[in-house]
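1. below are the sequence and a predicted model for it; my questions follow.
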Amino acid sequence: MRNDTMIVGGLGLIGAGVIAFMLADGSNGAAVAQDGPGPNLEITVSGEANGTIVIDMLPDVAPAHVEQITGLAAEGAYDNVVFHRVIDGFMAQTGDVQHGLVGGDLRRAGTGGSDRPDIPAEFSDVPFDRGVVGMARAQNPNSANSQFFIMFDQGYFLNGQYTVVGRVVEGMEIVDTIKRGTGPNGSVVGDPDVMTSVRVVE
């Protein structure tokens, strides 16, 4: 379905120098946000990280992206999808419902999407603080589909370049323990951590 790697390989378009700058910054960014009107995603994670992450979705900021994510979650499409790319000090990426399922060929994880169409960009002025959730995409700004990433730290070089869809309001300590990638571009080697279930809570 899709041959390009989401979030442009984690390093590609963003550039290794920018990543190195952000890692050197070491900032924890802003505090975890307060819960808003929702809907929320409740993500149960297992692996090196174990527990529940709650994301307050932002339909007022990115209505089409939030509708896509919550629709896929309601269908159970995100259940048993791995965190395939995790870069310490940067972000944890997941959501490849095509190639990122436990038991599948995870060598292709990060290159797929869903059977739904890609979504036109909904860039905003919401900054990429710690705990912010953004949509992964390929080089084309209008190529986001199902994959998303959670920020470990500030990444303001992403501002206005990727669509913000939500903020972690509970479980940031779980996010912090997600298994890091040691492969190329932060790909997770061995057994990645898994979203065992993803539920929509209004």
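-> That came through, no problem.
2. low-confidence stretches in this structure?
-> Residues of the chain meeting the criterion pLDDT under 70: 1-35.
3. switch the cut-off to 90
-> The chain contains residues with pLDDT under 90 at 1-38, 104-107, 202.
4. quick test: name the residue nearest the centre of this protein.
-> The centre of the chain sits closest to F149, judged by Cα atoms, centre = their mean, with a distance of 1.5 Å.
5. doesn't it lie inside a strand?
-> Yes. Checked against DSSP: H, G, I helix; E, B strand; the rest coil, F149 lies within a strand.
6. quick one, strands of the chain?
-> Using DSSP state E, the strands of the chain run over 40-46, 51-57, 81-87, 91-94, 132-135, 148-151, 164-170, 194-201.
7. winner for burial among the ones you listed?
-> Across the strands of the chain, averaging neighbours per residue (mean count of other Cβ atoms under 10 Å) puts strand 91-94 on top, at a mean of 28. Backbone N, C-alpha and C define where each C-beta goes, glycine included.
8. so what strands line up beside that one?
-> Here strand 91-94 is paired, per DSSP bridges, with strand 81-87 (antiparallel), strand 148-151 (antiparallel).
9. need these in a markdown table with distance to T70, can you?
-> Formatted as a markdown table, the strands paired with strand 91-94 follow (distance: least, Cβ to Cβ, whole Å):
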| stretch | distance to T70 |
| --- | --- |
| strand 81-87 | 15 |
| strand 148-151 | 12 |
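10. P117 is nearest to which of the ones you listed?
-> Nearest to P117, of all the strands paired with strand 91-94, is strand 148-151, at 16.6 Å by Cβ to Cβ.
11. run through who's touching the closest one.
-> Contact partners of strand 148-151, identified using Cβ atoms under 8 Å, 6 or more residues apart in numbering, comprise 7, 29, 53, 55, 69, 85, 90-95, 128-136, 165, 168, 175.
12. so which bits of stretch 115-126 are buried?
-> For stretch 115-126, burial by neighbour count (16 or more other Cβ atoms under 10 Å) applies to D118, I119, A121, E122, V126.
13. same check, this time on stretch 169-178
-> Residues V169, E170, G171, M172, I174, V175, I178 are the ones in stretch 169-178 that count as buried (16+ other Cβ under 10 Å).
14. about what we covered before: the residue nearest to the centre of the chain bridge partners, please.
-> Following DSSP bridges, F149 is listed with bridge partners Q93, G134.
15. outside of stretch 185-198, which residues touch it?
-> For stretch 185-198, contacts defined as Cβ under 8 Å, 6+ apart pick out 5, 9-12, 41-49, 73, 76, 78-87, 90, 93-94, 102, 106, 109-110, 178-183.
16. show me what the top helix by length along the chain is packed against.
-> When the chain is parsed with DSSP state H, its longest helix is helix 63-74. For helix 63-74, the elements it packs on are strand 40-46, strand 51-57, strand 164-170, strand 194-201, judged by 3 or more Cβ pairs under 8 Å, 6 or more residues apart in numbering; DSSP states H and E.
17. which helices and strands does the second one pack with?
-> Think strand 51-57. strand 40-46, helix 63-74, strand 164-170, helix 172-175.
18. dump those into CSV; add distance to F157 as well.
-> Listed next are the helices and strands packed on strand 51-57 as CSV, based on distance: least, Cβ to Cβ, whole Å:
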stretch, distance to F157
strand 40-46, 25
helix 63-74, 20
strand 164-170, 14
helix 172-175, 20
